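Engineer: Need coordinates for the following:
(one chain, ligands or ions: 2)
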Amino acid sequence: MLIRKAPVGLGKGGTLEGTQISRTIRRIEDLRNFFHDATSVRNIDPQTLVYEVDVYSPSESSTNGALNFGVTRIEPGRVGTEFFMTKGHVHSRGERTEFYWGIDGTGCLLTGDPEGRWRLEQILPGSVHYISPFSFHRLINTGEEQLTVGAVWPNDAGHDYDSFDRERMPRVISEAGTVRVLLSDESDER
Ligand code: PAN
Ligand code: ZN
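Structural biologist: Ligands and ions are numbered 1, 2, ... in the order given. A predicted model of the protein is given here:
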């Protein structure tokens, strides 16, 4: 029997290479409503790249139990004091879970449960993160290099970007060269 080459691999710079891969690119113009400081958003070139997501979906979308494999690469940078980050979402099928793991760079994973309790986990190369049912999840690059994070989630999970109140989300900011977390008055830690 032939020993075949794997159809997909992680290339240099954290790009997924192979077949059945799609890429989503998010620039400042796509993220206007996600960063807190509207004035700073307006002062950045709208074409500035914030993050890219490569997704490998080998199964038909109707396949029961199908998984997606993704890699997210977030550029280093800030909008005002707020670090570059993903939009963040809950799964449309809220009970669907997900694994993230750190590949390169440093940052954090913000999660929030439906009761409004928030949690931040440090992401490092090799760190493993479990996103529990009904949790909001967002990646934040707090480092000087690109943050690259792998993910596996059910193909039928779906992305819901609007169900969480953005005003209540903790913000991860840079202050005097250190990473600081600002909680809204109504946020709770867990
Ligand atoms: C990830 C995310 C990816 C980009 O693949 O979709 O990191 O984040 P946003 O979708 O919040 O822009 C995932 O969590 N999939 O379920
Ligand atoms: Zn997800």
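Engineer: Pull up the pairing partners for the strand or helix carrying Val179, direction included.
Structural biologist: Val179 is located in strand 178-182, with elements delineated by DSSP states H and E. Paired with strand 178-182 in the same sheet, following DSSP bridges, are strand 171-175 (antiparallel).
Engineer: Buried residues, the partner strand. List them.
Structural biologist: Arg171, Val172, Ile173 (16 or more other C-beta atoms under 10 Å). Just so you know, the C-beta spots here come from the backbone N, C-alpha and C atoms, and that holds for glycine as well.
Engineer: still on that earlier bit, could you give the average pLDDT over the strand holding Val179?
Structural biologist: Mean pLDDT, strand 178-182: 95.
Engineer: ok, now stretch 31-50?
Structural biologist: On average, stretch 31-50 scores 96.
Engineer: count of neighbours near Asn141?
Structural biologist: 29 (other C-beta atoms under 10 Å).
Engineer: these two touch, right, it and Glu75?
Structural biologist: Yes. Between Asn141 and Glu75 there is a contact at 6.9 Å, judged by C-beta atoms under 8 Å.
Engineer: Could you confirm whether any residue of the host helix or strand of Arg119 contacts ligand 1?
Structural biologist: Secondary structure from DSSP H and E places Arg119 in strand 117-123. No. Applying C-beta under 6 Å from any ligand atom, one finds strand 117-123 separated from ligand 1 by no less than 11.5 Å.
Engineer: any idea which helix or strand carries the spatially most central residue of the chain?
Structural biologist: For the chain, the residue nearest the mean C-alpha position is Leu139 (3.7 Å; C-alpha atoms, centre = their mean). Element membership of Leu139 [criterion: DSSP H and E] is strand 136-141.
Engineer: Show me what that strand is packed up against.
Structural biologist: strand 67-74, strand 98-104, strand 107-112, strand 147-154 (3 or more C-beta pairs under 8 Å, 6 or more residues apart in numbering; DSSP states H and E).
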